[in-house]
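1. Generate a structure from the sequence data that follows.
(2 chains)
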Number of protein chains: 2
Amino acid sequence: MRWCRFQVGNKVSYGLVEGNEVVQVAGSPFGRYRRTGARLPLGSVKLLVPCVPSTFYAAGVNYMDHVMGMAALTGRQAAPPPKADVGYRANNALIAHGEPIIIPRDATQEVQYEGELVVVIGKQAKHLREDEVWNYILGYTIGNDVSERTWQRGDRTLWRAKNADTFKPMGPWIETDADPALMRTTVRLNRRVVADFSTNNMIFGIATYLSVMTKYVTLYPGDVVWMGTDGIPQNMKAGDVVEVDISGIGTLRNPVAAEGA
Amino acid sequence: MRWCRFQVGNKVSYGLVEGNEVVQVAGSPFGRYRRTGARLPLGSVKLLVPCVPSTFYAAGVNYMDHVMGMAALTGRQAAPPPKADVGYRANNALIAHGEPIIIPRDATQEVQYEGELVVVIGKQAKHLREDEVWNYILGYTIGNDVSERTWQRGDRTLWRAKNADTFKPMGPWIETDADPALMRTTVRLNRRVVADFSTNNMIFGIATYLSVMTKYVTLYPGDVVWMGTDGIPQNMKAGDVVEVDISGIGTLRNPVAAEGA
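-> Residues are numbered from 1 along each chain as shown, chains lettered A, B, ... in the order given. Below you'll find the predicted structure:
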């Protein structure tokens, strides 16, 4: 199933994407729901972020080529993470498929995409074994972990480097039937392929992360875990269009614009 | 006004604390509301965390005595933050006044309190000048930024060190009429005073933080900003009771327990 969240007029609903249509649903994928009789053309609805997490987790550095490449670029020693310590991102930064990434007025030119697989939690979970993690996942969506690299290097935390408003595109929907082992992540900047990697080639996989996390934290339905990116991202500028494609899920597309005066 | 959030049976409501009673309110302090005719004894209701933030911000290190004392303890050079870079905490860890702080099974004995002033945002805000920040604050509550110091030193992020389940007591209510300039924060461990400082003696004050933050992030009603702690905290163990008192707001009291096998 392919769950979307959308708006028609002032009304926000969940829906099931079936071909080029959306079947409107009463309720949500995180609780009870039923299909309504309403079917709408997919192109006619405004897609929203498919869920708003209670807690927004991110693995951060989680692919070896990204570790090695960033080390080469910055002249620092490569330091792959020794264990699956998760980090955080912030809800203010979330935008939906199609909405513009706004580059803040005083950002440098180093505003970069990061195409990421997003795990969406379906059921409350604590103390999960690795082999039971999969029963607690609703499905997968796509994230673009937009990052301002000068702020990332200079600030004490990642707050604005990673969480300036609009820096976290997520969508277009949640696919429940996809298999991470078969996925490939492709990023296109103005239709040119700028990243292409095996999605599952993570340093610490989904099962490891969720098992380690739930030793200490309860995961709730709708929480998301962004799994990191591979390769060396490039800069984006106003007027660009960035697409993150993950096979089996879909394509997250966002234009890039500059903040007004 | 003193806003609380409480539960009677299965019903969750906002209320106004007046003396030893709670006036039940329809709606919330973040939108429209009206007083109902229901008045309940304060001691008869289960207080909940007074709000659940969309984004949960924390200043982190923000008092000079804390900077100097922690440096002396760890043998590292004192490093006061050069600017108001905000960080994050996580909703999974929130508990209300009266609920137990649970020490995880494999935590060391270095689980410590940090008494903190919490700013509660009342209105959506972006690009605030320092002098207009106060119009966007609903009021103040109290936080206990419970921290496991060995994890804080060794992990790549603060995830479990600061955000293990139950590590973020917040409450008991939101006071709208308090003045941070007049507040004193007192922490008591088993009724013994273990911290006592001028709440407003921050390295970067509330106006600075909110103004800097809103250059990049939109604050939403119900978002919270924890302003940091002063002094050198001590360890807590199962069976202890920790109280954080801020004059003009009230007292946040939580027992400490150990996680079951």
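
2. tell me which residues of the helix-or-strand element of chain A with minimal mean pLDDT are tucked away?
-> The helix or strand of chain A with the lowest confidence, counting by mean pLDDT, DSSP states H and E, is helix A:64-74 at a mean of 87. Judged by neighbour count using 16 or more other CB atoms under 10 Å in any protein chain shown, the buried positions of helix A:64-74 are A:66, A:67, A:69, A:70. Yep, even glycine has a C-beta here, placed from its N, CA and C like the rest.

3. what two of the residues you listed are the furthest from one another?
-> Spanning the widest gap among those are A:67 and A:69, at 7.5 Å by CB to CB.

4. overlap in contacts of these two?
-> When contacts are counted by CB atoms under 8 Å, 6 or more residues apart in numbering or on different chains, residue A:67 and residue A:69 are jointly contacted by no residue.

5. thinking again about what came up before, which other residues reach the least confident helix or strand of chain A?
-> Around helix A:64-74, the neighbours that count as contacts under CB under 8 Å, 6+ apart are A:61, A:77-80, A:153, A:197, A:201, A:203, A:228-232.

6. If we use 10 Å, what do you get?
-> When contacts are defined by CB atoms under 10 Å, 6 or more residues apart in numbering or on different chains, helix A:64-74 is touched by residues A:61, A:63, A:76-81, A:114, A:149, A:153, A:195, A:197, A:201-203, A:228-233.

7. re the thing from before, and which of the buried residues of helix A:64-74 is nearest to chain B?
-> Closest to chain B out of those is residue A:67 (12.5 Å), distances taken as CB to the nearest CB.

8. any idea where the helices of the stretch 101-250 of chain A begin and end?
-> Listed in chain order, the helices of the stretch 101-250 of chain A (DSSP state H, counting those that start in this stretch) span residues A:149-154, A:159-163, A:206-213.

9. right, is the second one up against chain B?
-> Yes. Residues of helix A:159-163 contacting chain B under CB under 10 Å from any CB of the partner chain: A:159, A:160, A:161, A:163.

10. Could you list the low-confidence segments of the stretch 51-200 of chain A?
-> Filtered on pLDDT under 70, the stretch 51-200 of chain A yields no residues whatsoever.

11. mind listing the strands for it?
-> Along the stretch 51-200 of chain A, counting by DSSP state E, counting those that start in this stretch, strands occupy A:56-58, A:87-88, A:94-95, A:101-103, A:111-112, A:115-121, A:137-144, A:147-148, A:168-175, A:184-189, A:192-198.

12. between these, which one is nearest to residue A:21?
-> Between residue A:21 and the strands of the stretch 51-200 of chain A, the shortest gap by CB to CB is with strand A:168-175, which sits at 12.9 Å.

13. most remote residue from chain A's center?
-> Each residue of chain A has a distance to the centre, and by CA atoms, centre = their mean the biggest one is for residue A:37: 30.6 Å.

14. distance of that residue from chain B?
-> Counting by CB to the nearest CB, to the nearest Å, the separation of residue A:37 from chain B is 31 Å.

15. what does residue A:205 give?
-> For residue A:205 relative to chain B (CB to the nearest CB), the value is 17 Å.

16. try residue A:261
-> Counting by CB to the nearest CB - residue A:261 and chain B are separated by 11 Å.

17. pLDDT score for that residue?
-> Predicted confidence (pLDDT) for residue A:261: 74.

18. Correct me if wrong, but it is in a strand.
-> No. Assessed with DSSP: H, G, I helix; E, B strand; the rest coil, residue A:261 is coil; it does not lie in a strand.

19. how does chain A divide into domains?
-> Described in terms of automatic domain parsing, the domain architecture of chain A consists of the residue ranges A:1-48, A:51-258.

20. start to end distance for the longest one?
-> Looking back up the chat, that one is domain A:51-258. By CA to CA, to the nearest Å, the extent of domain A:51-258 from end to end equals 26 Å.

21. got it, and the shortest one?
-> Distance between the boundary residues of domain A:1-48 (CA to CA) amounts to 17 Å.

22. Might you quantify the distance of that domain from its chain's geometric centre?
-> For domain A:1-48, the distance between its averaged C-alpha position and the chain's averaged C-alpha position is 20 Å (CA atoms, centre = their mean, to the nearest Å).

23. Contact distance from chain B - what residues of the stretch 1-150 of chain A qualify?
-> Residues of the stretch 1-150 of chain A that fall close to chain B, judged by CB under 10 Å from any CB: A:52-58, A:60-61, A:79, A:81-94, A:104-107, A:126-127, A:148.

24. please redo it, this time with the cut-off set to 6 Å
-> A:54, A:55, A:81, A:85, A:86, A:87, A:88, A:90, A:91, A:92, A:104 (CB under 6 Å from any CB of the partner chain).

25. Spatially central, which residue of chain A would that be?
-> residue A:143 (2.0 Å).

26. where's that residue relative to chain B, distance?
-> With CB to the nearest CB as the criterion, residue A:143 and chain B are 17 Å apart.

27. and that residue, what does it touch?
-> A:116, A:118, A:170, A:226 (CB atoms under 6 Å, 6 or more residues apart in numbering or on different chains).

28. repeat that for 10 Å
-> Contacts were defined as CB under 10 Å, 6+ apart; by that measure residue A:143 touches A:49, A:56, A:58, A:89, A:94, A:114-118, A:168-171, A:224-229, A:244, A:246, A:252.

29. How about the stretch 1-150 of chain A: which residue is closest to chain B?
-> Minimum separation of the stretch 1-150 of chain A from chain B (CB to the nearest CB) falls at residue A:85, amounting to 3.9 Å.
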